[in-house]
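Asker: Give me the fold of what follows.
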Amino acid sequence: MSRRRWVAWAAVGVAWLAAPGGAGAQTCTAPIPAGTCNVTTSVTLTVGKVLQLTLSSTNTTLTAPSEADYDAGFVADAGPSATVQSNAPWVLQVSAAAATWTAANTEPGVAARANKPASDLLWGTAAGGPFTALSTTAVTAVSGVPTAGTTPGFFYRTAYNWTLDTPGGYSLTVVFTLTAP
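Answerer: Numbers count the residues shown, from 1 in each chain. Reported below is the predicted structural model:
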């Protein structure tokens, strides 16, 4: 390439680098060939709240009640564990998606209890309790500080009544909600 073309391309490059707001907004001059040239810049970053909730299982099959369970008034079962990861303080809440269980008839001539309340499922974070009746209002189960992994376990007690809880298939959606207030 001729010297004139090289000088012309160099002039175009210098003009581009010197343009306001362009890549050449900061410049550096150093003796050539042995010099060093440093230009500094700043970097900014905004980190938002990041939350993750993982349940060990999305389905829990509760134990069918026996005579002794009806007499005791409940059956105890292990529920899921919930792994929380958060870069901010967090709150894990529990609620029911509906006020009553969904009931399906399973025995000919016997109607399943259509109005079994969500409160017949009690939950706790320890096998021995205390237990809280489930409702459609979210209730704080556990809270904590930023964590790479906290795993509270959940336990259920299903209430039964001889005269109310007829044979049938029952299901209830339990909602776990993780927030960072």
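Asker: Tell me which residue is most central in this structure.
Answerer: By Cα atoms, centre = their mean, the chain has its centre lying nearest to residue 53, at 2.8 Å.
Asker: That one contacts residue 175, doesn't it?
Answerer: No: checked against Cβ atoms under 8 Å, the pair residue 53 and residue 175 is beyond contact range at 11.1 Å. For every residue, glycine as well, the C-beta is placed using N, CA and C.
Asker: picking that back up, excluding residues flanking it in the chain, which one is nearest the residue nearest to the centre of the chain?
Answerer: Closest residue in space to residue 53, ignoring its immediate chain neighbours: residue 178 at 4.1 Å, by Cβ to Cβ, 6 or more residues apart in numbering.
Asker: For the one you found, which residues are in contact?
Answerer: Residues near residue 178 by Cβ atoms under 8 Å, 6 or more residues apart in numbering: 51, 52, 53, 84, 86, 90, 91, 92, 93.
Asker: Which PyMOL command selects the buried ones in these?
Answerer: Filtering the contacts of residue 178 down to the buried ones (16 or more other Cβ atoms under 10 Å) takes a single PyMOL command:
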select buried, resi 84+86+90+91+92+93
